[in-house]
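1. here are the coordinates; sequence isn't available:
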């Protein structure tokens, strides 16, 4: 069975792929807007972790709507959620038997409710998997430490492949750097650079 | 890292163990009340699937309370839920780094809320994992078909290792066979008899 895993190059989506490996044929799918080098960053990580990689171009108007929502809200949650739902809808139409993401039990955003997941599955004839949703924060941290090689840096210094990286650029273009600082509080981000030998 | 997987010999708990294998050292833990041969059934399946196996004796008064709840309710949900929470509490005190169960996204009972899981983790210093909670019914069915060898039969004909098997016996002793038929509607049960070669 073929699964397309929405992939940013971050630790959650990488770990989700590892958990599915052996049960599915995994393809890492970077969904993005072609802003900056987010897809290139994800491709580099995909090569390092050894899974096939595909790019999925999302609709730019979804990004623009998300930026508008972030400016209006002053926080990123609703914008990120809109983009994630769009990415899942688009990935579900790509012909995989299943699609997956790196959603965790303790994540507040993005979230995928059971009802929304079932609707996606019914409309596209595809299984939606969130292999980390049965793992809490501590369990995920331990799995990352044992299975992945990561580097850490403040958000603005780390080139990443996730939605946030692209939306930060678009937000700065639309509303200025000050808006970026207001919407995205400083926090340390991580990027996966390899997997550990699990033997 | 050592994980104790609550194990009935059914397909969900077996599949949960397979998903964790490679990331944790898996021990299958049968939690029961010593009624009938539930533990023996689970031990047979554990040997067939090739994981270490332990028995955990639960408090008989929890079973009695569960039977009382089932008789009062006329359906099994609350009784099963009480037994499952007790089993998780007891397993969490066994010294594993993590404990796990076979809860699925689309299960209605037993359920473990995020708040309850975090409380369990905090009080016992253990991670709680539900590796199937990110998989819907269709995805689980496909994984079972590809990875497990199962046999099917009506509930009353299949000797099983789950709570239901023990609670049916206790319910019959307490309230008669008629109560069993009322509380547990007929349905086909499955029992795992082996795992498929995944090479």
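-> Arrived safely, thanks for sending. Note that the structure is predicted; figures quoted are calculated from it, not measured.
2. all helices of chain A, in order?
-> Listed in chain order, the helices of chain A (DSSP state H) span A:11-20, A:38-49, A:60-73, A:77-92, A:114-124, A:137-147, A:163-175, A:177-183.
3. look up which residues are beta-bridged to the nearest residue to residue A:129 once chain neighbours are set aside.
-> Of all residues not flanking residue A:129 in the chain, residue A:100 sits nearest, at 4.0 Å (C-beta to C-beta, 6 or more residues apart in numbering or on different chains). Bear in mind the C-beta positions are built from the backbone N, C-alpha and C, glycine included. As for beta bridges, residue A:100 partners with residue A:5, residue A:129 under DSSP bridges.
4. what's the separation between residue A:100 and residue A:80?
-> Distance, residue A:100 to residue A:80, by C-beta to C-beta, to the nearest Å: 18 Å.
5. neighbour-wise, which of the two wins?
-> Between residue A:100 and residue A:80, counted using other C-beta atoms under 10 Å in any protein chain shown, the more crowded position is residue A:100 (30 against 19).
6. okay, that one: pLDDT?
-> Listed pLDDT for residue A:100 reads 98.
7. show me what contacts the residue nearest to residue A:129?
-> Contact analysis of residue A:100 by C-beta atoms under 8 Å, 6 or more residues apart in numbering or on different chains lists A:3, A:4, A:5, A:6, A:16, A:17, A:20, A:128, A:129, A:130, A:131.
8. residue B:64 versus that one, what's the distance?
-> 43 Å.
9. again with residue A:148
-> 47 Å.
10. so for those two, which residue has more residues nearby?
-> residue A:148 (19 against 13).
11. can you read off the pLDDT for the more buried one?
-> Looking at residue A:148, its pLDDT reads 96.
12. list the contacts of stretch A:130-141.
-> A:11-12, A:15-16, A:19-20, A:100-106, A:112, A:117, A:143, B:19, B:98, B:103, B:105, B:117-118, B:121, B:127-135.
13. and chain A, which residues reach chain B?
-> Taking C-beta under 8 Å from any C-beta of the partner chain as the criterion, the neighbours of chain B within chain A are A:1, A:18-19, A:22-23, A:97-98, A:103, A:105-106, A:114, A:117-118, A:121, A:127-136, A:138-139, A:142-143, A:146-147, A:198.
14. among those residues, which ones are buried?
-> Burial by neighbour count, judged by 16 or more other C-beta atoms under 10 Å in any protein chain shown, picks out A:18-19, A:23, A:98, A:103, A:105-106, A:117-118, A:121, A:127-136, A:138-139, A:142-143, A:147 from those.
15. hang on, the earlier thing: looking at the helices of chain A, which is buried most?
-> helix A:11-20 (a mean of 24; mean count of other C-beta atoms under 10 Å in any protein chain shown).
16. between it and helix A:38-49, how many degrees?
-> Helix A:11-20 runs at 40 degrees relative to helix A:38-49, counting by axes from the mean of the first three to the mean of the last three C-alpha atoms, to 10 degrees.
17. what angle do helix A:11-20 and helix A:137-147 make?
-> Going by the same axes, to 10 degrees, helix A:11-20 makes 70 degrees with helix A:137-147.
18. against which helices or strands is helix A:11-20 packed?
-> For helix A:11-20, the packing partners by 3 or more C-beta pairs under 8 Å, 6 or more residues apart in numbering or on different chains; DSSP states H and E come out as strand A:2-6, strand A:25-32, helix A:38-49, strand A:98-100, helix A:137-147, strand A:148-154, strand A:188-195.
19. if we look at it, which residues are touching it?
-> A:3, A:5-7, A:26, A:28, A:45, A:49, A:51, A:100-104, A:129-132, A:140, A:143-144, A:147-148, A:150, A:190, A:192, A:195, B:19, B:23, B:131.
20. ditto for stretch A:161-170
-> A:7-10, A:30, A:32-33, A:35-36, A:38-43, A:45, A:63-64, A:66-67, A:70, A:76, A:79-80, A:83-84, A:87, A:155-156, A:159, A:180, A:184.
21. centre of the chain to that stretch, how far?
-> With C-alpha atoms, centre = their mean, to the nearest Å as the basis, stretch A:161-170 stands 11 Å off its chain's centre.
22. swap in stretch A:65-82?
-> 16 Å.
23. swap in stretch A:136-144?
-> Worked out by C-alpha atoms, centre = their mean, stretch A:136-144 lies 17 Å from the chain centre.
24. stretch A:44-64 too?
-> Remark: stretch A:44-64 is offset 9 Å from the chain centroid, using C-alpha atoms, centre = their mean.
25. what do you get for stretch A:146-162?
-> Stretch A:146-162 has its C-alpha centroid displaced from the chain centroid by 13 Å (C-alpha atoms, centre = their mean).
26. quick one: terminal-to-terminal distance for it?
-> 23 Å (C-alpha to C-alpha, to the nearest Å).
27. how about stretch A:96-114?
-> 20 Å.
28. what of stretch A:82-101?
-> With C-alpha to C-alpha as the measure, what separates the two termini of stretch A:82-101 is 15 Å.
29. next: stretch A:5-25.
-> End-to-end distance for stretch A:5-25: 10 Å, by C-alpha to C-alpha.
30. centre of the chain to that stretch, how far?
-> 10 Å.
31. I'd like the mean pLDDT over that stretch, please.
-> pLDDT averaged over stretch A:5-25 gives 96.
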